[in-house]
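>>> Provided below are the primary sequence and the corresponding predicted coordinates.
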Amino acid sequence: MEITAQHGLFKDTQLHVDDTGGPGRAVVLIHGWPLSGESWSEQVPALQAAGYRVVTYDRRGFGRSDKPLTGYTYDTLAEDLHALIEGLELTDVTLVGFSMGGGEVVRYVAKHGADRLRSVVLAAAVPPYLLQTGDNPEGPLTKGAAAEMAKDLRSDRDAFFDDFTTQFFSVDGELKVTEAQRQEAIALCAQADQRAALHCMEAFGTTDFRTDLESLVSVPTLVLHGDGDGTVPFEGSGARTHKALPASKLHVIAGAPHGCNVSHAEEFNRVLIDFLAS
């Protein structure tokens with residue numbers, strides 16, 4: 001189905017949504033950059049088998065969704081998520097944000113509150129603040145590294161995605177998924193609009209979620225992260241988020257890269273389903 005985002009300069013932006021339907025409690029899966037909702041292929045059947053209604057969608061500019069000229073800030077992306085939740089009339093829902101998607105979850109709660117939510121999951125997620133600055137020395141992303149990523153994406157997109165997916169699924173140079181799985185991820189990257197990819201790279205790299213996290217203090221939260229994540233390192237992201245949310249649950253997947261939902265799908269799914277049932 002398609003959900004129309006009713007805000008911003010492009011009010012007719014269509015978001016592609018896959019909804020398993022059914023009577024179970026809803027779980028919305030928000031994908032990472034620069035993939036699409038199809039990157040949750042290891043989670044959807046497991047969650048459906050556990051009795052949940054599973055909703056995935058493609059972020060604007062990615063996958064099968066519309067690719068407008070603008071709207072790639074977290075404020076607009078959080079409004080897209082809000083449009084989806086309202087459009088599907090979801091309540092008692094769990095939001096699962098992976099990597100960049102974790103930012104959408106946090107910004108959504110900061111802007112719209114948690115009345116419709118049961119809980120949230122931040123998986124290998126970018127909050128609280130990736131960029132290393134004077135008042136954020138723990139940020140794992142230097143300005144130089146961010147500029148280099150953007151330069152490489154502009155200069156040779158195919159080579160960039162080939163290297164990016166390798167790092168995405170590797171720990172200490174060892175690929176933790178099959179080559180077929182990596183190629184599937186490359187195919188999803190290829191669907192991304194170049195403008196959207198560049199603007200969203202800037203958004204996840206430079207958005208400060210430290211104040212937004214305060215809105216999650218009373219929301220049941222699971223922080224799920226691989227200890228071998230070289231893309232969004234645990235110590236600079238998940239560990240800090242867990243510290244900012246003392247009541248949150250933390251599960252660190254040993255030996256897992258950034259793409260832990262694929263490389264360690266069995267453990268990822270077990271921990272996620274256990275949290276949903278709690």
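Yep, that arrived. Everything numeric here is computed off the predicted structure, so don't read it as measured data.

>>> what about residue 151, neighbour count?
Applying other CB atoms under 10 Å, we find 11 residues neighbouring residue 151. Quick note: C-beta positions are derived from backbone N, CA and C, even for glycine.

>>> which SSE is it in?
helix 143-155 (DSSP states H and E).

>>> Mind listing what's buried along that helix?
Buried residues in helix 143-155, counted by 16 or more other CB atoms under 10 Å: 146, 149, 150, 153.

>>> Can you name the residues in contact with that helix?
With contact meaning CB atoms under 8 Å, 6 or more residues apart in numbering, helix 143-155 is reached by 131, 132, 159, 160, 163, 194, 197, 198, 201, 202, 205, 206.

>>> how far off helix 143-155 does the helix or strand following that helix point, in degrees?
Next helix or strand after helix 143-155 toward the C-terminus (DSSP H and E): helix 157-168. Helix 157-168 runs at 130 degrees relative to helix 143-155, counting by axes from the mean of the first three to the mean of the last three CA atoms, to 10 degrees.

>>> for stretch 34-43, how far is the first residue from the last?
End-to-end span of stretch 34-43 (CA to CA, to the nearest Å): 18 Å.

>>> If you count neighbours, what's buried in that stretch?
By 16+ other CB under 10 Å, the buried positions in stretch 34-43 come out as 34, 35, 36, 37, 38, 39, 40, 42, 43.

>>> Return the residues in contact with the first one.
Applying CB under 8 Å, 6+ apart, we find residue 34 in contact with 62, 161, 188, 189, 192, 197, 200, 201.

>>> again, but for the second one
Residues touching residue 35, when contacts are defined by CB under 8 Å, 6+ apart, comprise 62, 63, 185, 188, 189, 192.

>>> next one: residue 66
10, 12, 13, 14, 15, 60.

>>> same deal with residue 140?
Residue 140 makes contacts with 130, 132, 232, 233, 235, 236, 237, as judged by CB under 8 Å, 6+ apart.

>>> In this protein, where is pLDDT below threshold?
Applying pLDDT under 70 to the chain flags residues 1-11.

>>> mind redoing it with 90?
The model of the chain has pLDDT under 90 over residues 1-13, 22-23, 70, 87.

>>> Show me the strands in it, by range?
Ranges of strands within the chain are 2-5, 13-19, 26-30, 53-57, 93-98, 117-123, 170-171, 174-175, 221-226, 249-253, based on DSSP state E.

>>> can I get these in CSV with mean neighbour count?
Below are those laid out as CSV (neighbours: other CB atoms under 10 Å):
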stretch, mean neighbour count
strand 2-5, 18
strand 13-19, 20
strand 26-30, 26
strand 53-57, 24
strand 93-98, 26
strand 117-123, 24
strand 170-171, 20
strand 174-175, 14
strand 221-226, 26
strand 249-253, 18
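
>>> Reformat the ones you listed as a markdown table; add distance to residue 210.
Formatted as a markdown table, those follow (distance: least, CB to CB, whole Å):
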| stretch | distance to residue 210 |
| --- | --- |
| strand 2-5 | 27 |
| strand 13-19 | 28 |
| strand 26-30 | 20 |
| strand 53-57 | 27 |
| strand 93-98 | 16 |
| strand 117-123 | 14 |
| strand 170-171 | 28 |
| strand 174-175 | 33 |
| strand 221-226 | 15 |
| strand 249-253 | 18 |
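
>>> how about the ones you listed, which one is nearest residue 72?
Nearest to residue 72 among the strands of the chain is strand 13-19; the distance by CB to CB comes to 11.2 Å.

>>> Neighbouring strands - and their directions - for the closest one?
Strand 13-19 sits in its sheet next to strand 2-5 (antiparallel), strand 53-57 (antiparallel), going by DSSP bridges.
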